[in-house]
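**Q** turn this into a structure:
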Amino acid sequence: MKQSKILNIDPHFSESSYIINRDLFKNFDPVAMSQKSLCPFDPKNGRFEIMVLGESYFVLHPSGLVLNAREEEFDNYSVKIFILRYLMNANGKEATNEWISFKEFPDGPIYYSNFHKRCIQVFAQIGNERPEQLKHYMSLQKAKIYGKGDLSWQFTVTPGVDLIWILWFGDDEFEAEAQILFDKKLTDVFNIKDLAILGDVLMISLKTFTLSLDSKKN
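**A** The predicted structure is shown next:
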């Protein structure tokens, strides 16, 4: 059996970073954040509800505590930090429909090698080795076919954050290749480290889904 080339991907953003962002979060007005992020805020309960890749999360204000759909603590700090960073920095601007790569963000070329290894390469290998599972995942995300490469989709990560995934299959001579594109408006929302966190959120979600399907087959 041919050995998988899919790289391990685990959250590498720490609890300390989460605590730092929770401390910043308390200084932001929840009504303004709700309006700019398109994420509803319930003033009676003092909490936001936000969808990320089809999963519901709750964010308490002013504490910044992020809970899962069962209103429980969980240990994926990448998704927690991503949610807080988005709520704090969303600006309510309309999508430009101008798509740019990680390299085109400020400081993108400096961090591209790490992003390519942790995100683009992982996506390419998952798509190349498990295309039907990838299609199933994108169907659950209600993604739209984009019409580039061998497989491609446009989809929403969270309200106001749209991406494009493009995959080119590999063969015995050439490795699989992929591209992840972002709406240009996100250059005013996320810095390059925020994009790295988003990349982890994406790959953790995709790997968790494909591994769950693998376990059901066994």
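**Q** for stretch 112-119, which outside residues touch it?
**A** By CB atoms under 8 Å, 6 or more residues apart in numbering, the residues outside stretch 112-119 that reach it are L7, I9, F102, K103, I180, L195, A196, G199, D200, L202, M203. The C-beta positions use only the backbone N, C-alpha and C, and glycine is treated the same way.
**Q** swap the cut-off to 6 Å and go again
**A** With contacts defined as CB atoms under 6 Å, 6 or more residues apart in numbering, stretch 112-119 is touched by F102, K103, A196, G199, M203.
**Q** stretch 146-158 now?
**A** Taking CB under 6 Å, 6+ apart as the rule, stretch 146-158 contacts 52-53, 138, 141, 143-144, 162, 164-169.
**Q** so how far is it off the chain centroid?
**A** 14 Å (CA atoms, centre = their mean, to the nearest Å).
**Q** for stretch 170-178, same thing?
**A** On CA atoms, centre = their mean, the centre of stretch 170-178 falls 24 Å from the chain's centre.
**Q** check which residues of that stretch are buried.
**A** Within stretch 170-178, the residues that count as buried by 16 or more other CB atoms under 10 Å are G170, A176, E177, A178.
**Q** and the third one, what does it touch?
**A** This points to E177. A124, W168.
**Q** bridging residues for R47?
**A** D42, L60 (DSSP bridges).
**Q** what do you get for W165?
**A** W153, I180.
**Q** how close does it get to F74?
**A** In this view, W165 and F74 are 25 Å apart by CB to CB, to the nearest Å.
**Q** for the two, indicate the residue with more neighbours.
**A** W165 (26 against 13; other CB atoms under 10 Å).
**Q** domains of this protein?
**A** Following automatic domain parsing, the chain resolves into domains at 15-89, 99-217.
**Q** tell me the mean pLDDT over the last one?
**A** Here domain 99-217 scores 93 as its mean pLDDT.
**Q** what comes up buried for whichever strand or helix holds R22?
**A** Using DSSP states H and E, R22 sits in helix 15-25. Neighbour counts over helix 15-25 (16+ other CB under 10 Å) mark S17, Y18, N21, R22, F25 as buried.
**Q** what do you get for stretch 113-127?
**A** Buried, per 16+ other CB under 10 Å, within stretch 113-127: F115, H116, R118, C119, I120, Q121, V122, F123, A124, Q125, I126, G127.
**Q** save these as a markdown table, and put in secondary structure and distance to V157 too.
**A** Listed next are the buried residues of stretch 113-127 as a markdown table, based on DSSP: H, G, I helix; E, B strand; the rest coil; distance: CB to CB, whole Å:
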| residue | secondary structure | distance to V157 |
| --- | --- | --- |
| F115 | helix | 16 |
| H116 | helix | 19 |
| R118 | helix | 16 |
| C119 | helix | 13 |
| I120 | helix | 16 |
| Q121 | helix | 19 |
| V122 | helix | 16 |
| F123 | helix | 14 |
| A124 | helix | 19 |
| Q125 | helix | 21 |
| I126 | helix | 17 |
| G127 | helix | 17 |
